[in-house]
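Peer 1: I would like the atomic coordinates for the input below:
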Amino acid sequence: MNQNSSRLYVVDALRGFAIISIMLLHNLEHFDFYFLPANFPTWLKSFDKGVWDSLFFIFSGKSYAIFALLFGLTFFIQSNNQEKIGKDFRARFAWRLLLLLCFGIFNSAFYQGDILTIYAIIGFGLIPVAKLSNKMVLGIALFLMFQPYEWINLVLGVLNPTTEMHNPTSWAFFGKMGDYIPKDSLINTLTGNLTNGRIAVFYWSWENGRVFQTLSLFMLGMLAGRKYLFKVSPENKKFWVKVIVYAAIAFVPLYIIKDGAGTWFNSEAIRRPLLTIVTSWTNFAFMLVLVSGFVLLFQTQSFYRALNVFSPIGRMSLSNYIIQSMMGSFIYYGFGLGLYQYTGATYSLLIGITLGILQGLFSSWWMKSHRQGPLESIWHKATWIGSDKA
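Peer 2: Next comes the predicted model:
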């Protein structure tokens, strides 16, 4: 299986898996508007907590990381294809990122937690490293994954443990969501998401180490492409087995530290940066477990057919991501059905599963007669405008 066919099956299925798992979490969160309905029976509240804890343990911070890893891989594939015909893809990629930013701004109007705008901005960090050696790129990626800014904060916290810490800046903006999300005005919701909501998410991404980690994952995905790690081969199978073993071993102590750090240190100046660092590493380790496990299972006959159902979803991930934002905001926000008032984690999960099945059916139907998803086709044509590929 060559690189392109490997991407068609394994990578697209993995991307589809990430999209669906992201959507399940978004449903539990009522698409960023947290609300716990009152008057639920005790048994349902307990079940809701189990559903919430389980899904966030498995997917929170990991699904988006898979998406980021594959973003870097896609950059390599496109860049490599152009290099084979003697062309430099970097300028075209910069234009492609600006187009992605436009898609992200549109998506942000419905769902303030949109990651497309963030990927579009951070994606420019791939351009200056695209021609560097593997060792150089790996070194930069590991340095970013190390969370250097938070280590500076941690050292300062150790030196001055009594430093007064204010609430994260994002909290103030998230607190204003009640001014527009529950209301019945679509215009106010779209405006609020594009202004207050976007600022909140940008601050949150910075405060939680997502900026450094995302760029690191982009670079690691690019390296995975250079090494053809998603190509089916005995050597790659051994590689993924090692990854799942080492990542699982690393996850255990990291999770213990993450779980206990909140009570081990009284100083907020120490606790806050330490939690950001360890949470980032914990999510990265578990993401590697998910990715390697998925790849290994995908290569077995017993699981191939079941996992391959995610492929059509992954092939039109941009369309599905934006569609789910529009559907989710209508289902939960005040301008639509306003179901945030009535759905706990269990009901929201059932809604999410239903939406996932519908997206799977739609994607399968669409891809039978199209090479790309609807928005993917627009993105592709706009990316290559002025060339023979448009």
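Peer 1: what about the stretch 251-390 of the chain, any weak spots by pLDDT?
Peer 2: Of all residues in the stretch 251-390 of the chain, those with pLDDT under 70 make up the ranges 389-390.
Peer 1: now the helices: where do they sit in it?
Peer 2: Secondary structure of the stretch 251-390 of the chain (DSSP state H, counting those that start in this stretch): helices at 268-298, 301-308, 311-315, 317-332, 345-367, 374-383.
Peer 1: Please render the ones you listed as CSV that adds mean neighbour count and distance to V252 to the earlier fields.
Peer 2: Placement of C-beta: from N, CA and C, glycine included. Output for the helices of the stretch 251-390 of the chain, formatted as CSV (neighbours: other C-beta atoms under 10 Å; distance: least, C-beta to C-beta, whole Å):
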stretch, mean neighbour count, distance to V252
helix 268-298, 21, 9
helix 301-308, 12, 25
helix 311-315, 25, 30
helix 317-332, 22, 31
helix 345-367, 18, 26
helix 374-383, 16, 39
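Peer 1: now the strands for the stretch 1-150 of the chain?
Peer 2: For the stretch 1-150 of the chain, no strands turn up when DSSP state E, counting those that start in this stretch is the criterion.
Peer 1: could you pull out the helices for it?
Peer 2: Assigned by DSSP H, counting those that start in this stretch, the stretch 1-150 of the chain shows helices spanning 3-6, 12-28, 42-59, 63-84, 90-110, 116-122, 134-145, 148-159.
Peer 1: just so I know, which of these lies nearest F212?
Peer 2: F212 sits nearest to helix 134-145 of all these, at 4.5 Å, using C-beta to C-beta.
Peer 1: one step back: now for the helices of the stretch 251-390 of the chain, which one comes closest to D179?
Peer 2: helix 317-332 (15.8 Å).
Peer 1: what angle sits between that closest one and helix 374-383?
Peer 2: 130 degrees (axes from the mean of the first three to the mean of the last three C-alpha atoms, to 10 degrees).
Peer 1: Need the residue closest to the centroid of the protein.
Peer 2: By C-alpha atoms, centre = their mean, the chain has its centre lying nearest to Y64, at 1.6 Å.
Peer 1: pLDDT weak spots in the stretch 101-250 of the chain?
Peer 2: In the stretch 101-250 of the chain, no residues with pLDDT under 70.
Peer 1: ok, 90 please
Peer 2: Applying pLDDT under 90 to the stretch 101-250 of the chain flags the ranges 162-166.
Peer 1: just to revisit the earlier point, nearest to L223, of the helices of the stretch 1-150 of the chain?
Peer 2: Taking C-beta to C-beta, helix 134-145 is the member of these nearest to L223, at 5.8 Å.
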